[in-house]
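1. what follows is a predicted protein model with its sequence.
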Amino acid sequence: MMSPVQLRTELARRLDRSIKDIWGDSSPDGPHAEVSRSDNLEFGDLSCNTPLKLAGILRENPRRIAERILDDCRGDLPGISAVSVDGPGFINMTLSQGHLAEVCLNLAVKGLKAHLPDTGRGRSALVEFVSSNPTGPLTVGHCRQAVLGDAISNLLEAVGWKVSREYYYNDGGRQMRLLGESLSVRYAGGDGSDIPEGGYRGDYLTRWAGELRESMGDGLDWERDRDSFIGFAEEKAMEMIREDLSLLGIEFDRFFSESELIPLGVEAAIDGLSAVEVDGGRLVYSDPSSPVKLWIRFTALGRPKDRVIRREDGSYTYRMPDIAYHMDKFRRGYDMIVDVFGADHLDTSRDVVAALEAIMGEREVSRRLKVVIHQFVTLLRGGERIKMSTRSGEYVTLAELVEEAGSADVTRYLFLTRRPDAHMDFDLDLARKESGENPVYYVQYAHARISGILRTAEEAGIRVPVEYTDGLAGPLSGDHERELMRLLESVPVEVASCAESMEPHKLTELLSVLATGFHRFYQHVRVVDVEDPSGSSARLMLCQACRQCIAGVLSVLGVSAPDRM
RNA sequence: GCGCCCGUAGCUCAGCUGGAUAGAGCAGCGGACUUCUAAUCCGCAGGCCACAGGUUCGAAUCCUGUCGGGCGUACCA
């Protein structure tokens, strides 16, 4: 049978065919039919507004257009038991009881993933996220990005992409030097006043200093042993970052450092850029003060400013390795490359994209590279905004956040209830005390409730049917049963659409609708009834289908689905 | 100054590739447990969708401007 996604595609195709049959080529550029969910039950389950869109082009009454389309294909619409023309010219369709029951049975037996389209077709995707430099623990801002990047990865996997999660970090440069020097101050027993301008003041440095003394003695000196301090700090920081990520259940396939990258391809990338000519001039030019110092003429690429990419001393500014890293990702052949960045990286990202386009062409870059930018998180504690800065040591860490929120489940879920480009206030006190009324518990509770019903049914010897039979639809003809079936039938479509647009926050919305749908059903319909085994079995199938949907979507979000609460 | 993002119910936010009466959670008020988990459900109340223009048969959704908030505007990352 057709999956819900396939059904909609097929319905749109039939409607399109009728449009073509009737008007032929008189509207060659006319819109393609689209079938979408009716948001009101009185308009059926599925709806098509194409007649309204055609009205202007064909200069004909939209209702009349809708009627002519229906006259042509009525009776030839799979899975549909009734059609009508309503309002200004919508075509509304009602899914047949049999189709709904069959989809639910399949959901119950095979699970949600079996109903998602294989849009990835095994192609490879690289998702880069977090990419925080190893200068301290991960904080709240990274937390949003970690959760978002991981959920996007899961979503892509759910529709058939082969995903690699990658973490890129800069382990060279001024920041790492400052970190090493800050460590050396603590190591030498100095108080905060000796920490250099712009250095790091977090408590963790004092802790590392102790560990460094234990393993290396106290004979190290900053001027002489810079690499030891910096190397030790980097190692410790990455260790801490991995631990923080594991608190959220996030694992990367690869941690890729700038120092690995530089010998691989930065000079080659510069050569590539140097070969590009724009507006009759070179894209890369050297500074009058030194042939080593290089600029990229970003202004010729529509960007606001030219930028230095290599300094007089031969070292690179941060944009250059970023460009080279992206060229490396393209070179590795991924079919899709996803960057998840915070808003503070937007400008850099635009420059990187512009440089890539200059080398590979706009089409290639826009086809393969997707950039997801998320806005910042403001943390509220006791009604106060918490100012955060890694360097000053004033911040709330990811670990503290998970601890205060109560669990990784709550943390992940709450971060995914906002769309990435919306600013987010995260109220710690609320997250903590809300526990009983938290949206995540609401959803998990629905899952636990269903699990309870399944246990009760098992004791009563009632099972979920394994195959579809015509008898299944009958007991499910009540309004509450149908309402739930209609909702479940739409879940694969919604998840597929979230994957297409890479918007995991819509899944939390879907889950909340799903949980409400189930709770309402539960309130009104008794599932297990020993007097009515066949009806019980049919209703049990609905519960199991619902459980599969909730668990399936939760797993995409990386949130657990408990059987008891 | 310039660029990008946001401004929807008391609070936190969905909805934004234009469509049929603007949604949810929390907070408020009123109801529902001898029955598979009341961490639930049902009802009431709450909105010039920041403001002003424009495009359209139709705008929370698209365009322009204004105001308010965030981020960026480093040879830091």
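-> Structure received.
2. quick check on residue A:313: phi, psi?
-> When read as degrees, to the nearest 10, the backbone of residue A:313 gives phi -90, psi 10.
3. from RNA strand B, how far out is the spatially closest residue to it that is not a sequence neighbour?
-> Nearest residue to residue A:313, sequence neighbours excluded (C-beta to C-beta, 6 or more residues apart in numbering): residue A:292, at 7.6 Å. Yep, even glycine has a C-beta here, placed from its N, CA and C like the rest. As judged by C-beta to the nearest atom of the strand, to the nearest Å, residue A:292 and RNA strand B stand 10 Å apart.
4. quick one: secondary structure of residue A:292?
-> strand (DSSP: H, G, I helix; E, B strand; the rest coil).
5. burial check on it, number of neighbours?
-> 13 (other C-beta atoms under 10 Å).
6. so it touches residue A:309, yeah?
-> No. Look at residue A:292 against residue A:309 with C-beta atoms under 8 Å: they stay out of range, at 11.2 Å.
7. spell out which parts of the stretch 251-400 of chain A neighbour RNA strand B.
-> A:258, A:287, A:293, A:304-305, A:307-308, A:311-312, A:317-318, A:343-348, A:373, A:375-376 (C-beta under 7 Å from any atom of the strand).
8. please repeat the previous calculation with a cut-off of 6 Å.
-> Neighbours of RNA strand B within the stretch 251-400 of chain A, by C-beta under 6 Å from any atom of the strand: A:305, A:308, A:311-312, A:317-318, A:343-344, A:346-348, A:375-376.
9. starting at the chain centroid, how far to stretch A:395-408?
-> 21 Å (C-alpha atoms, centre = their mean, to the nearest Å).
10. quick one: mean pLDDT for that stretch?
-> When pLDDT is averaged along stretch A:395-408, the result is 87.
11. next one: phi and psi at residue A:427?
-> With angles defined as degrees, to the nearest 10, residue A:427 sits at phi -90, psi 110.
12. burial count for it?
-> Neighbourhood size, residue A:427 [other C-beta under 10 Å]: 16.
13. got the contact list for it?
-> A:380, A:381 (C-beta atoms under 8 Å, 6 or more residues apart in numbering).
14. what are the ranges of the strands in the stretch 301-450 of chain A?
-> Secondary structure of the stretch 301-450 of chain A (DSSP state E, counting those that start in this stretch): strands at A:307-310, A:336-342, A:369-374, A:377-381, A:384-385, A:424-427.
15. does stretch A:477-494 reach RNA strand B?
-> No. Stretch A:477-494 does not reach RNA strand B (C-beta under 6 Å from any atom of the strand); its nearest approach is 10.1 Å.
16. how far off centre is that stretch?
-> Put simply, stretch A:477-494 sits 25 Å off its chain's centre (C-alpha atoms, centre = their mean).
17. how about it as PDB, C-alpha atoms only?
-> C-alpha atoms of stretch A:477-494 as PDB (Å, rounded to 0.1, in the frame of the first residue of the first chain):
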ATOM      1  CA  SER A 477     -15.700   4.300  13.200                       C
ATOM      2  CA  GLY A 478     -16.400   6.500  16.300                       C
ATOM      3  CA  ASP A 479     -15.400  10.200  16.200                       C
ATOM      4  CA  HIS A 480     -12.700   9.900  18.800                       C
ATOM      5  CA  GLU A 481     -11.100   6.800  17.000                       C
ATOM      6  CA  ARG A 482     -11.300   8.500  13.600                       C
ATOM      7  CA  GLU A 483      -9.800  11.700  15.000                       C
ATOM      8  CA  LEU A 484      -6.800   9.800  16.300                       C
ATOM      9  CA  MET A 485      -6.400   7.800  13.100                       C
ATOM     10  CA  ARG A 486      -6.400  11.000  11.000                       C
ATOM     11  CA  LEU A 487      -3.800  12.500  13.200                       C
ATOM     12  CA  LEU A 488      -1.500   9.400  13.100                       C
ATOM     13  CA  GLU A 489      -1.900   9.100   9.400                       C
ATOM     14  CA  SER A 490      -0.400  12.600   9.000                       C
ATOM     15  CA  VAL A 491       2.600  12.000  11.200                       C
ATOM     16  CA  PRO A 492       5.000  10.500   8.500                       C
ATOM     17  CA  VAL A 493       4.100  13.500   6.300                       C
ATOM     18  CA  GLU A 494       4.900  16.000   9.000                       C
END
